[in-house]
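Student: With the input below, show me the fold.
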Amino acid sequence: MNSLIVSVVLFAVAVVATHHHEDNGPAYYKFEYGVEDPHTGDKKSQHEHAHGKEVNGGYTLKEADGTTRIVKYHAGPHSGFNAVVERVGHAQHPAHYGHGGHGGHGGHGGTSFVGVTHYGYGH
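Tutor: From the prediction side, this is the model:
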């Protein structure tokens, strides 16, 4: 009986010892996508790729004011996350604002909140 127990234990140890866990490390990936909708004016794109523990990527976004935001980023275990944000173009606001009332209530056309404080008064 003791030899049977010893044989079972040795077999279990042999099975555990032969099981090899392979560490694949961080995965490599790469993706990109974009959207351009002429009906809504939505225009954006993103790309990113990782190699080992380093990630590089960026995105562009057409802002409502007509400018384009361009972001480029890098992340790694030693450098942390770093991003560079650039804004291209000149902000354009509607030339015709609402009439009659503060902030264009009851008027026609667009409303701009540039220069308006949280109390609703312009500077």
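
Student: shaky segments in the chain?
Tutor: 1-25, 94-123 (pLDDT under 70).

Student: Which elements pack onto the strand or helix carrying Gln46?
Tutor: Assigned by DSSP states H and E, Gln46 belongs to strand 42-51. Helices and strands touching strand 42-51, by 3 or more Cβ pairs under 8 Å, 6 or more residues apart in numbering; DSSP states H and E, are strand 29-37, strand 54-62. Just so you know, the C-beta spots here come from the backbone N, C-alpha and C atoms, and that holds for glycine as well.

Student: contacts for the helix or strand following the last one?
Tutor: The one in question is strand 54-62. Toward the C-terminus, strand 54-62 is succeeded by strand 68-76 as the next helix or strand (DSSP H and E). Identification of contacts with strand 68-76 by Cβ atoms under 8 Å, 6 or more residues apart in numbering yields 53-63, 81-89.

Student: Show me what the next helix or strand after strand 68-76 pairs with in its sheet, parallel or antiparallel.
Tutor: Downstream of strand 68-76, the first helix or strand assigned by DSSP H and E is strand 80-88. Strand 80-88 has its sheet partners listed here by DSSP bridges as strand 68-76 (antiparallel).
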